[in-house]
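> Mind looking at a prediction? Sequence and model below.
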Amino acid sequence: MDIIWWILVIAFFVLSYAGVIFPVIPAPLVLWVGFFVYHFGINADELSWIFWVSMAILTVVLIVADIVANSYFVKRFGGSKQGEWAAAIGVIVGSFVIPPFGIIVVPAVSVLIVELLQRKHIQAAFRAVVGSLLGFLGGAVAKVVIMTVMIVWFFVVIIF
């Protein structure tokens, strides 16, 4: 029976990485489901309160890093608040439209349109588009790094 539980744990960990490419998959939540499957299905005594508190803190850092990266880069490249919102909504909508490329194309087009509607010069609008792309990529890299730390920590705890 343990093999089935382990398959589920690994499947949830892999699925959490899919959440980086498909934002409609809540990567941190899926990662936690993997932890809970292990805890309730395999060994309820192995993961200490230190592990759980640390994972909660890293989850908050994960979510904040993603938001901050997007906001920072759009602002840094001259984008407006509306451009930030267009990028965020574009990522969600784009995950349904021509996945996985939609998460890059749809936000870029959305930011371009929003910035142009605000009567910005085409160069300024394209700078905001570059900012939204860099923000998305920065957030994705941060997610992958933090989630990898969480998964490695999990395995270190259960092995040692």
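Okay, I see it.
> How about residue 63: what's its closest non-neighbour residue?
residue 28 (6.4 Å; C-beta to C-beta, 6 or more residues apart in numbering). Bear in mind the C-beta positions are built from the backbone N, C-alpha and C, glycine included.
> Okay, strands next: where are they in the chain?
For the chain, no strands are identified by DSSP state E.
> how about low-confidence regions in it?
Scanning the chain for pLDDT under 70 picks out 99.
> Okay, helices next: where are they in it?
2-21, 27-41, 49-76, 81-94, 102-117, 122-159 (DSSP state H).
> Tell me how many other residues crowd the residue nearest to residue 63.
Number of residues near residue 28 (other C-beta atoms under 10 Å) recorded here: 20.
> Next up, the contacts around it.
The neighbours of residue 28, taking C-beta atoms under 8 Å, 6 or more residues apart in numbering as the test, are 16, 19, 59, 62-63, 147.
> Which of those sits closest to residue 117?
Of all those, residue 63 has the smallest distance to residue 117: 29.6 Å, by C-beta to C-beta.
> out of everything not next to it in sequence, what's closest to residue 100?
Nearest residue to residue 100 in three dimensions, chain neighbours excluded: residue 21, at 4.6 Å (C-beta to C-beta, 6+ apart).
> was I right about that neighbour contacting residue 103?
Yes: in terms of C-beta atoms under 8 Å, residue 21 counts as a neighbour of residue 103; the distance is 6.9 Å.
> Between the two, which is the more surrounded one?
residue 103 (25 against 13).
> doesn't residue 91 make contact with that one?
Yes: using C-beta under 8 Å, residue 103 makes contact with residue 91 at a distance of 5.3 Å.
> Which neighbours do these two have in common?
Listed contacts common to residue 103 and residue 91 are 23, 136; contacts here mean C-beta under 8 Å, 6+ apart.
> Now do the residue nearest to residue 63 against residue 64, distance only.
11 Å (C-beta to C-beta, to the nearest Å).
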